[in-house]
Each structure stands twice: as structure tokens, then as C-alpha cells.
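> Pasting the sequence and the predicted model now:
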Amino acid sequence: MIAIRWFKYSSPQTFYPLAGRLTTWFGALAALLAVTGLYIGFFVAPTDFQQGEAYRIIFIHVPAAWMSMFLYLVMAMWAAIGLAWNTRLSSMMALAIAPTGAMMTFIALWTGALWGKPMWGTWWVWDARLTSELILLFLYVGFMFLHAAIDDPRRADRAAAVIAIVGAINVPIIYFSVKWWNTLHQGASVSLTRSPSMASTMLAGMLIMSLAFWMYSIAVILKRVRCVILERERNADWLREPGATA
Amino acid sequence: MSGPGLLASVCAVIERELRIALRRRSDVMTSLIFFVIVVSLFPLGVGADPALLRTLGPGVVWVAALLACMLALARLFAADHADGTLEQLSLAPQPLMLLVLAKTTAHWLTTGLPLVVVAPLLGLQFDLGSEPLLVLIASLLLGTPTLSLIGAIGAALTLGLRGGGALLALLILPLYIPVLIFGAGAVEAVAAGLGAGAHLSLLAALFLGTLAFAPWATALALRISME
Amino acid sequence: MLSVSNLECVRGDRSLFAGLNFSLAAGTLLAVRGANGSGKTSLLRILCGLLPPANGTITWNGTDIAEAGEEFRRNLAYLGHLNSLKDELSAVENLRLSLQVAGIAGDTQQLLAALEWSGLRERRHQACGSLSQGQRRRVALARLWLSRAQTLWILDEPFTALDVASVERTRILLETHLAAGGIVALTTHQDVAVAAPATHTVEFAP
């Protein structure tokens, strides 16, 4: 019973209104979690023993970094499904995820830099995490640019899916090699989340902010996929009826 | 009469590529000259302090080799796509994956292998010792085939697209990073007195893994691009 | 026997054709007619398996061509708009390597006979890049002459750029192939009468 209803939403036409309703809910949830998380992060969590107040940026940096990696895998998964089973909506989801994932990476990089300046006096440190984030940004941009460079939407979807899958397989390899490189080239291992004794409030704050980022991502991605659906299906009959884009 | 088998087909693909390369020697030389020029740019950019150059040497040679490989990749499928040979390859009864592997092998023989031969000479420009030079050759020998295999995927995906070369670079340079890290790292490790065993093993592992996966992905990408 | 059922082709936003059905038994000629851009080349590419159809199935001897894969391609010879000749290689080299890649048997004698048939025996060692358009097409047709063991021939505008003698030669080649139980699917602008035991015509409206 549930299986049948699940497939009901796998066509752009039925998914479109569902996505619209879900966006509002996830957006509200995201706002709620964000307010809670930020409150905990900036007012409740104690001052860090070694790093002072500036460490609080991790409440944004870490969730953004986690989301950037998580979204890449989800994007690659949807792209792979679209490639294997020729389902249009799956490829549209992958396309909708990419910009949000790239933005998360961008936020992670900026907040990493803002964190680094008061800590080590430089705007950038080549530690394993930040370098991997930079490479992840390149992977996202590569996906988006490849898709944009191909005129035929189906070829674009499928070609981008291949690069997404290749990228997903490479992400652990790249991360491992960058970690290796980092330990060889920098004596002290620099960790942005060095937390042998992270206060439980800090952890709670980070987790809540991660959930907030997750809910936000879902809301934004659902909204974006609606736009993609409108573009792709513009000649379809269901869009010609008045009130269809409710 | 039964026709030529799989091995004969693969050899025919390689033979065709090599014959064409012999008659278009300038194409082959271009990426080699590019390699030499890029390596020579670095001392001009950072100064000629011998100690600095010795430190930079392995990385510079590796990055230049990487860029030279990438430059040559744009040519891998372009000509075949333009004259219809690629279509015939995909219509051959042999698995496209293996024919693609044959093309990539021929491509490596005409672009990657020359780099391996010339690299030690460039290494001398950076005053690398004899042991680092040997490891440089070994690392390039293990690494450049991997670069060709990965690059083939990018070349197949960007077939016939405008902005091709730059887009190809954007797609595959991030994927080249592990090879760069272990390749240059091997030479640096030896120059620092440590062993390069781990690095070279990892390079070999990357090569084998890529060999198993990349031709399949390239064949898939080619089919997508030819639709 | 090549069978097509409910075939649809969508390029970009347009549906070029839909609901196409036909069966081609041994000795059948499929003539595809229509204006430029109406879907003729797309249909041929779909029949080869180069292009996936938006809908419908194509079967070769009962098996879907995607599954039949190697078995199907072994029996297929395709001549598209492009000649699939390397400019740097001579006609003989092109033919030899092309056949070897495709797993088709052919020794030197047969290569010479093919070029003799095409009227290019004297130019066989000349680089194909220096041949004229018509001569290059004739080298491509020589490869077709060597593909007589392949049952299914799919030809996109085979007569283009050919002189009268070559058109006649090619017409006879096609008729011989059909009489021997082969299947030919072709598109052509020129009205060349190819006699066949059975003919099926598909007409595309612009």
C-alpha cells in the first residue's frame, strides 16, 4: 500500500504540488531550529578554554561542511538513479541540489577562513578539511557547468550524472590523499573541531544547527526543483490548465 | 570464415592511432613542448635559488606533466567524433569499453610516455639527485596512465561542447589531485631521505582501481555524448 | 528479421515521430523518405542502437537490440553521413584497420577487390585526406562491399556526392545484397530505384 503511494509522487506532475506544501513546513522547521541552535551557540555554550569567543563560528562552519558532503552524496545518488532508470524527476532533483551544496561548501570555506584569521593570523590554512572542501567546491561547480554547457536536457542530465558518480567515488580517495599530504607537510595537525573535551552544550548546539541546515537545504531544494519542473515540463498538458502552478 | 577476434580488434585500434600519430608528429610534440615550457616558467616566476628549486622541483614537474596530459586529452576523441569513426567503434561487436581502453593506451603511448622520458632531464634543471630522479620516472610511469584513464572520462563527457578545453580541465583536475599528491610526494619523500615505497604502492593501487573502472565510465559517457 | 513496435523519437522539445511499427524480413528494403530535419537520420540511428528511442522497442530476431548487443552488432553495417575515414591513412589502410576493428574477415586480396569495385584501386595508397568528396564516399562504400556477410545494412544517404557510374554500382550492390537475403534500410533524396523482393516505405512529414 505504502509502496504504491510512494511511486505516485515520482512524476513531475504529482510531485510539484507536494514539493510546494513541503517547502513551507521544512522552511518553518529550519527557522525554528536555527533560532534555537544559534541561541545555544552564541549565548548558552561556554567560552572555549583555548580559543576564546571566536570559536563560535564552528556552529556555522561544521554544519555547513557536513551538509556540503552529505548533499554531494545525495546529489550523486539521485543522478545515478536518473541515469540507471531514466527517470526525469530524479535528474531534476540532482540538478536542484547542486547549487545548495555548492553554497554550503562556500559557507564552510568562508567561515573556515574567518575562523583561521583570529586563530592563526592567516586567512587560509591548508589543512585537510579546508582543502577537501575547496576540492568539493570544484566538483560541484564542475557538475553545474557541465550541465549548463550541454543544450539537450537529457544528455545534460546523463553526462552530469556520470561526473557526479565519478566524483562521489573519488571523494573518499581525495579526502584520504589530502589528509596524507597534510600530515606530511604540516607538523602540527590543525583541527578546526579539535574537541577532546567538547562541552555537551557545544555539541548540542552543533547538532541542532546541523539539523537546521538540513531542513533549510530540503526547503530550498524543493523550491528549486519546482522551478526546474516548470522549465522542463513547460510544454506539458498539465501546465496549460489555469491554476496549475499553485 | 570467422573474423578477427577481440585481440585483433584492440590491436587494430592501437595500430590506427599510432600510425596517425606518426603522420601527425607535431600534435604529439606540442604537448611535450608545453611540458618543457611550463616547467621552465617556474624558476622564472619564483627565482633561481637552488635550494628553493630543489624543494619545488618534484611538484613543479608533476603539475606540468598533469597539465600537459590534460592538454592532449582534448584530442583523444575529437577527431574520431568529427569523422564518424567513433560511431563505428560503438557499433563494433567488440565491447566499447575495451576499444576505449585501446584508444587510451595508444594515447598514453604518444603523450604520457614521452613525458616520462623527458621528465628526468627537467628534473636535472631543478638539481634533483639521482635517486629522486629515478623515483620521478617511476612515479610518472605509474601515474601518467592513471591520468590518461581518468582524463578519458572527461574527454568523453565534453565531446563536441563549446568551452571544451577549460570545461575538461575543471572536471578532471580535481580528480587528478590524489595522483599528484602521491606522485610528487614520492619524489619529495626520497629527496628527504625517507622511502617512496608507500607512495608508489598507492600510485599503483590508484592505477589498478582506475583501470578497472574508468574504461566502463568512459564508454558510458561516449554513448551519452553520441546520442 | 528486424521488428519495430510503437517507436517514438523526441529530439529537443519536438516529437519527430511516434507509433511507428514495421517488420523487415530477409530481402526487405526499407525506404525512408521525408524533408530535411523530419527525422530520417534519427530513425536510422535508433535502428542501429546509437540513439535510444523515447518509446517503443526494436527487436532483432526476437531479442531486444539492447540485450542482443554483440549479436546484433555483428550482423550490422552502418554507413552514416560521415565516412568514418581517417584523413591521414590511405584507402587500403583505412579499410584494413576498419574491418579488423569491426571483426570482419578480409585479406589483402579482398581489400584490393573492394577498391577495384569502387574504381579506386590506383589511388589505394593515397592519403584519404587528399581524395575528393565523391572518392571518399566510394572508399566508404568499398567497406560496405566487404560487409556482405552482415545481414542488416543501415545507410544514410548512400548516393550523396556520387557520380552516375558509382550510383549505378551501388544500386546493383544493394540489389544483390537484398536478393541474397540481406536487409537494407536507407534514406535518400535521390530517386534511385532499388529493386527488392519486398519494399516498405516510411514517409515523414516535415
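Received it, and whenever you're ready, just let me know what you need. Numbering: from 1, shown residues only, chains lettered A, B, ... in the order given.
> The residue nearest to the spatial centre of chain C in helix, strand or coil?
Central residue of chain C (C-alpha atoms, centre = their mean): residue C:155, 2.5 Å from the mean position. Assigned by DSSP: H, G, I helix; E, B strand; the rest coil, the conformation of residue C:155 is strand.
> need the helices for the chain, in chain order.
Assuming you mean chain A. A:2-8, A:12-39, A:58-85, A:88-120, A:128-149, A:153-185, A:200-232 (DSSP state H).
> Switch to chain C, please.
Using DSSP H, helices in chain C cover C:40-48, C:65-68, C:70-74, C:91-101, C:108-118, C:133-145, C:164-179.
> Can you tell me the closest non-neighbouring residue to the residue nearest to the centre of chain C?
If the residues on either side of it in the chain are set aside, residue C:155 comes closest to residue C:186, at 4.2 Å by C-beta to C-beta, 6 or more residues apart in numbering or on different chains. To be clear about C-beta, it is placed using only N, CA and C from the backbone, and glycine gets the same treatment.
> Could you measure from the one you found over to residue B:67?
47 Å (C-beta to C-beta, to the nearest Å).
> Could you do residue B:155 as well?
Applying C-beta to C-beta to residue B:155 and residue B:67 gives a distance of 15 Å.
> repeat for residue B:29
On the measure of C-beta to C-beta, residue B:29 and residue B:67 end up 16 Å apart.
> Close to chain A: what parts of chain B are there?
Residues of chain B lying close to chain A by C-beta under 8 Å from any C-beta of the partner chain are B:153-154, B:157-158, B:161-163, B:167, B:170-171, B:173-175, B:177-178, B:181-182, B:185, B:189, B:202, B:206, B:213, B:217, B:220-221, B:224-225, B:227.
> Find the nearest non-adjacent residue to residue C:76, please.
residue C:152 (5.0 Å).
> what number of residues lie near the closest residue to chain A within chain C?
Chain A sits closest to residue C:13 of chain C, with a gap of 5.9 Å, by C-beta to the nearest C-beta. Counted by other C-beta atoms under 10 Å in any protein chain shown, the residues lying close to residue C:13 total 10.
> and it, what pLDDT?
Predicted confidence (pLDDT) for residue C:13: 75.
> hang on, it packs against residue A:236?
No: counting by C-beta atoms under 8 Å, residue C:13 stays clear of residue A:236, with 10.6 Å between them.
> mind listing what residue A:236 touches?
A:12-13 (C-beta atoms under 8 Å, 6 or more residues apart in numbering or on different chains).
> Phi, psi for it please.
In terms of degrees, to the nearest 10, the main-chain angles of residue A:236 are phi -70, psi 150.
> Please report the distance of it from residue A:222.
For residue A:236, the distance to residue A:222 - C-beta to C-beta - is 20 Å.
> Also residue A:142?
Counting by C-beta to C-beta - residue A:142 and residue A:222 are separated by 24 Å.
> higher neighbour count, the two?
residue A:142 (27 against 22).
> Secondary structure class of the closest residue to the more buried one other than its chain neighbours, three-state.
Nearest residue to residue A:142, sequence neighbours excluded (C-beta to C-beta, 6+ apart): residue B:171, at 4.6 Å. State at residue B:171, reduced to three classes by three-state DSSP: helix.
> now what about stretch B:88-98, what contacts it?
B:6, B:9-10, B:13, B:80, B:99-100, B:215-216, B:218-219, B:222-223, B:226, C:48-50, C:70-71, C:73-74, C:76, C:78, C:84, C:98, C:101-103.
> typo on my end, it should be stretch B:118-127
Here stretch B:118-127 has contacts from B:32, B:35-36, B:39-40, B:43, B:50, B:53-54, B:56-58, B:60-61, B:64-65, B:132-133, B:136-137, B:140, using C-beta under 8 Å, 6+ apart.
> for chain B, what are the nearby residues on chain A?
Residues of chain A lying near chain B (C-beta under 8 Å from any C-beta): A:135, A:138-139, A:141-142, A:145-146, A:149-150, A:152, A:154-155, A:158-159, A:162-163, A:165-167, A:169-170, A:173-174, A:176-178, A:180-181, A:184.
> And chain C, by the same measure?
C:48-52, C:70-71, C:73-74, C:76, C:78, C:80-89, C:93, C:97-105.
> For the residue nearest to residue A:66 when sequence neighbours are not counted, list the residues it contacts.
Leaving out its chain neighbours, the residue that sits closest to residue A:66 by C-beta to C-beta, 6+ apart is residue A:210, at 5.6 Å. Counting by C-beta under 8 Å, 6+ apart, residue A:210 touches A:62-63, A:66-67.
> give me every residue that touches the residue of chain B found nearest chain C.
The nearest approach of chain B to chain C comes at residue B:84, 2.8 Å away (C-beta to the nearest C-beta). By C-beta under 8 Å, 6+ apart, the residues touching residue B:84 are C:80-85.
> Show the buried residues in the residues you listed.
C:80, C:82-85 (16 or more other C-beta atoms under 10 Å in any protein chain shown).
> I'd like the residues you listed laid out as CSV, including distance to chain A and pLDDT.
Output for those, formatted as CSV (distance: C-beta to the nearest C-beta, whole Å; pLDDT from 0 to 100):
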residue, distance to chain A, pLDDT
C:80, 19, 90
C:82, 19, 91
C:83, 25, 90
C:84, 22, 92
C:85, 26, 93
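> tell me the domain ranges of chain C?
C:1-75+C:151-206, C:85-149 (automatic domain parsing).
> With respect to residue A:230, which of those lies nearest?
Smallest distance to residue A:230 across these (C-beta to C-beta): 14.3 Å, for domain C:1-75+C:151-206.
> For residue C:116, give me its contacts.
Residue C:116 touches nothing, counting by C-beta under 8 Å, 6+ apart.
> Residue C:65 now?
Contacts of residue C:65 (C-beta under 8 Å, 6+ apart): C:49, C:58-59, C:72.
> Go again with 10 Å.
In this structure, residue C:65 makes contact with C:2, C:46-49, C:57-59, C:71-73, C:76, judged by C-beta atoms under 10 Å, 6 or more residues apart in numbering or on different chains.
> go on, residue B:63?
Counting by C-beta under 10 Å, 6+ apart, residue B:63 has contacts B:38-39, B:42, B:56, B:176, B:180, B:183-184.
> Of those residues - the most surrounded one?
In those, the most neighbours by other C-beta under 10 Å go to residue B:183, 33 neighbours.
> Roughly how far does that residue sit from residue B:150?
13 Å.
> ok, residue A:100 touching residue A:93?
No: contact between residue A:100 and residue A:93 fails when scored by C-beta atoms under 10 Å: they sit 11.3 Å apart.
> Now for these two: what residues contact both?
Residues touching both residue A:100 and residue A:93 by C-beta under 10 Å, 6+ apart: A:75, A:221, A:224.
> which ones among the residues you listed come in contact with chain C?
Checked against chain C using C-beta under 10 Å from any C-beta of the partner chain, these give no members in range.
> top of the contacts of residue A:210 by neighbour count?
In the contacts of residue A:210, the most neighbours by other C-beta under 10 Å go to residue A:63, 28 neighbours.
> thinking that residue is in contact with residue A:69, fair?
No: counting by C-beta under 10 Å, residue A:63 stays clear of residue A:69, with 11.2 Å between them.
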